[in-house]
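Colleague: Just the structure for this:
(chains A and B)
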There are 2 protein chains.
Amino acid sequence: MPMGYLFVGKRFTRPDAAVSAAGEAEYVDDLRFDRLLHGKVLRAAHPHARIIRIDTHRAESLPGVAGVLTHKDIPHNVCGFTFLDQPILASDRVRHLGDAVAAVAADHPEIAEEALRLIQVEYEVLPAVFDPEEAMRPGAPILHEGHRWDRNVCFHRKIRLGDAASGFDESDVRVEGDYSTQWNEHGAIEPHICAAQPEPGGKLIIWASTQRPFLWRSDLCRVLDLPMSRVRVIPARCGGGFGGKHEIVVEPFAALFALRTGRPVKFRYTREEEFIASTIRHPYRIHYKTGVRRDGRILARQVRIVSDSGPYCSWGESALTKAAIHAVGPYRIPSVHVDALLVYTNNPLTGAVRGFGVTQVSFAHEVHTEEVAQELGMDPLEFRRVNALRTGDVYTTGMRLESVGLLDALERAAAAVGWDNRNGIQGPAGGRLRRGVGLAAMIYPVGFTSFPNPSAAFLRVNEDGTGTLWTGCADTGQGAHRVLTQIAAEETGIHPDHITVIGADTDLTPFDCGAVASRTTHIGGNAVKAAGRRVREQLLAAAAALLETSPEDLAIGQGLVAVAGSPGRSVTLREVAAFSYKRGLTIQAEGAYSPDLTPLDEETGEGRPYDCWVFAAHAAEVEVDAETGEFRVLKLACVHDVGTAVNPLEVEGQIQGGSVQGIGYGMMEEIFCREGRVENPHFEGYLLPTSLDAPETHQTEIVETFEPSGPYGAKGVAEPALNPTAPAICNAIFHAIGVRLTDLPATPEKILAGRAQTASASGTAWPGSPQRSS
Amino acid sequence: MPMGYLFVGKRFTRPDAAVSAAGEAEYVDDLRFDRLLHGKVLRAAHPHARIIRIDTHRAESLPGVAGVLTHKDIPHNVCGFTFLDQPILASDRVRHLGDAVAAVAADHPEIAEEALRLIQVEYEVLPAVFDPEEAMRPGAPILHEGHRWDRNVCFHRKIRLGDAASGFDESDVRVEGDYSTQWNEHGAIEPHICAAQPEPGGKLIIWASTQRPFLWRSDLCRVLDLPMSRVRVIPARCGGGFGGKHEIVVEPFAALFALRTGRPVKFRYTREEEFIASTIRHPYRIHYKTGVRRDGRILARQVRIVSDSGPYCSWGESALTKAAIHAVGPYRIPSVHVDALLVYTNNPLTGAVRGFGVTQVSFAHEVHTEEVAQELGMDPLEFRRVNALRTGDVYTTGMRLESVGLLDALERAAAAVGWDNRNGIQGPAGGRLRRGVGLAAMIYPVGFTSFPNPSAAFLRVNEDGTGTLWTGCADTGQGAHRVLTQIAAEETGIHPDHITVIGADTDLTPFDCGAVASRTTHIGGNAVKAAGRRVREQLLAAAAALLETSPEDLAIGQGLVAVAGSPGRSVTLREVAAFSYKRGLTIQAEGAYSPDLTPLDEETGEGRPYDCWVFAAHAAEVEVDAETGEFRVLKLACVHDVGTAVNPLEVEGQIQGGSVQGIGYGMMEEIFCREGRVENPHFEGYLLPTSLDAPETHQTEIVETFEPSGPYGAKGVAEPALNPTAPAICNAIFHAIGVRLTDLPATPEKILAGRAQTASASGTAWPGSPQRSS
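Modeller: Coordinates of the predicted model:
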């Protein structure tokens, strides 16, 4: 790995850290407008029904109402990522309770609410289906006609590597298991919100809390039938995205009302709408079968995933494909057979949530993997050592992995919880408080699956040697701009504090595919590096003229260019910049990057879906109350291979935040849904982890590898930190108390239920006497 | 000239035309701020004095005062373009009544005014000098010590071509004359104004009414000792620049108060300050001597210019150099000898004003040229025909002229006022109302003199085939952005209405040297064209892949790319863009341009100061009241060689506006100054032309030539339209009534004085019996 970076690998804090921490940052809801209209949305009254008639007359004549929109007002009334199967406003049919049927704008939010009550919708209730397996059976009501797969199957993804049948035949042991995961909500503090303002000259400005302003503009312009030159999307400070701020939701309404009335318009979701109308995480039911030799080598793994999509596809295909590719976990397995089904139901709409399908399978494969180890009577760490992916391995879609730091991560995570002495920590057999440690490993890809997803940048050196960086990448709070600034700094020698960042605005910056898919450091970083490299060449050429040497003899340092090996022969960047501008040379360049990908084969999944992957191991120590089933996470060690850590401070912050989200996912967060209706659409009934739920000892470590496709070897971090937390906790609970949790979240009730099935009430040392509880 | 442009040469209106015309545009003074501080400036009490002591204590303790600045508070207390000879706040000495001595910021403007009165400044009055010729004499008080030239000479520019002495020797006739011009004011409706706001994170935003945001930021950062990365200059809508919005004036005060207090701060000049503190136009005294053969060929011309700079250099050297280069007018003269002197006095500070030195000499050389023709008994048009510059001629600094449309312009201007029948229009000899026609020619350069002055641009094609153009060029109301959009459109095929322009903001756009020196169409346009050319290549490559042909076979049309010569084989830009983005290719490029210039030789003026020149001829018809001297401009025909007119509508608008400014300069505008004090610092005593002063028949015509260095052959328009108006009017007055006006402005009083000296009270047919009046 090349060393001696100027700014890469250093711990720079963000310029806006103090403002954010003080709560002084300005969000969309803080913007002030004159004559603002407030919008509200009417939702469906039934999870599945035909719309006979919509009568908006009484609502429209309510004083203070600026207008009512129904499906007839939407130029192209359909949206969706993989399939255009979702109406913006329901026309002939509603398919879940979150479907929008009408939208109102009024002088005050209360008037808008009152207008919603005055809209009369006549429905014919249709039979509904709320279980994905049932939905696939003959006779189930069909949500969308004309799909290529079986009844209500939205998508079927297959991954085939090697020959699974032979693999199982050659195996000494075959282990099967079923695992299931729950609906969960992004839990962003800021709900979905947007403000639209018509400008003189015909431009429409939309302030939005969005992770992907450009693709969002693209969606909006398609729905509204407007050229992109007429719409400017300004991504305001984002109060939490986590995959939830991908889609246009109420923005078409805001835009249409603004264009109709000439007034600014704001729509803001209620917390309830966050649960019932915006996307939530797909619940998966997953069956695993693993064939393994006595020596621990996995020979074959077969996986079947059924994902409840709710009424529309949204990001379900994309998340499911990512899940399918990584379903077997970070292991070298010669034969892989995965079938993943996305199924329409009348349940809430699911979509992109941090971890994006891999969260669900990470839980499943890591619990399953321990079950296999247990069956072999093998230490789970040793079992993972035998099978863990290494650099140079070929993974499920046939791609060679160029940088794998998994073994390091496993060893360090295990060491952090005292793995070698793990059977000494459990506490007295038969005691009430039992401790245990658990481990989980993970693989996660960087960027969109198979889709080219470019980032672009402009970079300029000012006349005084400071700089300006234009990046299309949105900083949604994850610190992306600081990292991109460090990359620009590394190429040019300009200190990051002297580089102004112009970030993500569809009118002001180059294109980008969004702060999604953990892609910003790698893809956005490569774009900045490309621009930086060209600026560097200009700086070196000018410095060479000043120093009367050739550019090849020069090296860039902090704020200067020096003749390599000649101490004292240098010029400052200020001098280089002044020299250039005085000669009429502006120092500027554009740069862009898109990974070179190919689609997956429909039958085998073969293809090049990503540039690179990150790896991680989490280890948890828990204390379980054997009488109540209550448990605490005493320690969580999170060790991540991120390639080169461009800013270790930011990487650690990402790991800390993500792994606490993993605690929420693993222990607390669950949306309860009965016949399509969310029963706990509020933070009173849906608990998010707070700082008090963070582990007492929360350790983050970085394993640095060098990824050839990344900027300075960087891969990235973000979603991955969430994924291995829940399985590490569940495996630790098993170690503590012998109850195998296969259904998320882990709750005291499930532990007690598992205990009740357990012959021995004592904790279980490896190999133990596991009981499955789900 | 290549023909068949898609968008170049077409009459596009501006997107903001309606807003501007309705008075709904937002200027700096319309911005709203919370807790705004209002700034005021204390001016000098004497035109020349030593400062003994400044006591600000009483002012500082006035309730509502946020602070008082004196020279000690300015980090680098000096500014200037050619020489750093001007303090931001006077320290030991004041040199004119406009010198700023202290600045105050307070909660209300009235409190700030009151605080000014509480500042006590103790002066020792020094001898002052108010006449530039006197200032150069021994014993005159010296304003700045240590200059390389004679007493109070700030700068001496020499132009030498051929051998003037021999030229005069070989001449049949030698004519001499003296001409003088007045101080005049830019007359922008909006005074100098700025607002500064400190941002969280340390950034300072300054909204300014400025023509050159980047060089302005550069000046400001130097004075404040701040890195450019900490200062963002947003050029707000400019309510008139005309050369007056070049310099930082109160912005350092606004910035310092904002940084000190954390509050937004606004400074706005009073109308009086516009006259006494901001720059005004240099008054010139000019002596001409021309040697000419009997056949009309000019053999030699010698010019001496004395320019009153006031107390500092400001743009005086630059304007004077431009005047010196063009002092001989648009004529092929083998021997040229010019000496131009810039002299310090204690008069008001002069600087850049539209026309920039050439306005003054244009008046002088055109009146003088007619005097020479008169001496020869030759028709002034015919005399100009003989001597007018042609394409391929070498001009005063030794440069070859690549595009000269002067002869065409002269013929068309003359024809427009019925030149051939000019002696038939005068009216009855001895009658009270006499009519006359006059002609004037002009040469004007494009861009800074000898200084590389780059422009830069970014250009992007959006995913739907619309576009975004980033230009550093400020649109100060002249329509620059429309023209630049047409150039981007020409390269890419995207309709200008579908290209969003991001204009001039030091944080948001590429670099540019400013909307000055009539440089935007040519230099800014070349930068946009360079970016457009690279985008075009990307479009052609993608279209070639779509159409299965090679890029060379393709042509770009409006919104499409087509196979040349194969009707129907085409793809839309929307298709090309979608195709590219789906493959991960963002369509974007940067471009830049700077003319390749060299400095002028100090002794001869030889060098390459510009890329190109524009030419014009104006013809005026006037009616003079022989009894009162009052006169009206009945007709003004303005014919301009602008190269290719990228947008004829904008070109005509520029010519109309500029030539009416010329009427103001020629007939009305004059600052009266006694002992350094402006006697008419208000629009009651200083008359600007209104629409009622425009000629009844106001004709604009465009002569198109093709300038090889320009984008699509374009050169530009702007300042030139002002210059030939005053001499055309004066020459018409001479034709009407026989009074030769050699001192601007032309007024009834001067006409009556000239009449009094005229033997014959009748008008004068060519050749006539001229009388000089000055």
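Colleague: tell me how far the ends of stretch A:40-54 are from each other?
Modeller: 16 Å (CA to CA, to the nearest Å).
Colleague: same thing with stretch A:72-83?
Modeller: Stretch A:72-83 end-to-end distance (CA to CA) = 21 Å.
Colleague: Quick check: buried residues in it?
Modeller: A:73-74, A:77, A:79-83 (16 or more other CB atoms under 10 Å in any protein chain shown). Using the backbone N, CA and C atoms, a C-beta is placed for each residue, glycine as well.
Colleague: centre of the chain versus it, how much separation?
Modeller: Distance, stretch centre to chain centre, for stretch A:72-83: 24 Å (CA atoms, centre = their mean, to the nearest Å).
Colleague: Remind me which helix or strand residue A:289 belongs to.
Modeller: Per DSSP states H and E: residue A:289 is located in strand A:284-292.
Colleague: What are the contacting residues of that strand?
Modeller: A:132-133, A:167-181, A:298-307, A:323, A:327, A:335, A:357, A:360-361, A:364-365, A:368-369, A:372, A:375-376 (CB atoms under 8 Å, 6 or more residues apart in numbering or on different chains).
Colleague: make it 7 Å
Modeller: For strand A:284-292, the external contacting residues (CB atoms under 7 Å, 6 or more residues apart in numbering or on different chains) are A:167-168, A:171-181, A:298-307, A:360-361, A:364-365, A:368, A:372, A:376.
Colleague: could you dump that strand to CSV, C-alpha only?
Modeller: Extracted in CSV, the C-alpha atoms of strand A:284-292 (Å, rounded to 0.1, in the frame of the first residue of the first chain):
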residue,chain,number,x,y,z
TYR,A,284,-37.6,-11.6,4.4
ARG,A,285,-38.3,-15.3,5.0
ILE,A,286,-35.1,-17.2,4.2
HIS,A,287,-34.4,-20.9,4.0
TYR,A,288,-30.8,-22.0,4.1
LYS,A,289,-29.2,-25.4,3.3
THR,A,290,-25.5,-25.9,3.7
GLY,A,291,-23.4,-28.8,2.8
VAL,A,292,-20.0,-29.1,4.6
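Colleague: I'd like the mean pLDDT over whichever helix or strand comes after that strand, please.
Modeller: Sequence-wise, the next helix or strand downstream of strand A:284-292 (DSSP H and E) is strand A:298-310. The pLDDT scores in strand A:298-310 average 98.
Colleague: you'd agree residue A:694 is up against residue A:660?
Modeller: Yes. In this structure residue A:694 lies within contact range of residue A:660 using CB atoms under 7 Å: 5.2 Å.
Colleague: Who has more neighbours out of these two?
Modeller: Higher neighbour count among residue A:694 and residue A:660: residue A:660, with 24 against 16, using other CB atoms under 10 Å in any protein chain shown.
Colleague: Could I get the contacting residues of that one?
Modeller: Each residue near residue A:660 by CB under 7 Å, 6+ apart is listed here: A:689, A:694.
Colleague: Just to be sure, it is in a helix?
Modeller: Yes. Residue A:660: assigned to a helix according to DSSP: H, G, I helix; E, B strand; the rest coil.
Colleague: Quick check: closest non-adjacent residue to the residue of the stretch 351-500 of chain A found nearest chain B.
Modeller: Of all residues in the stretch 351-500 of chain A, residue A:452 sits closest to chain B, at 2.8 Å by CB to the nearest CB. Distance criterion CB to CB, 6 or more residues apart in numbering or on different chains; nearest residue to residue A:452, sequence neighbours excluded, is residue B:584 at 2.8 Å.
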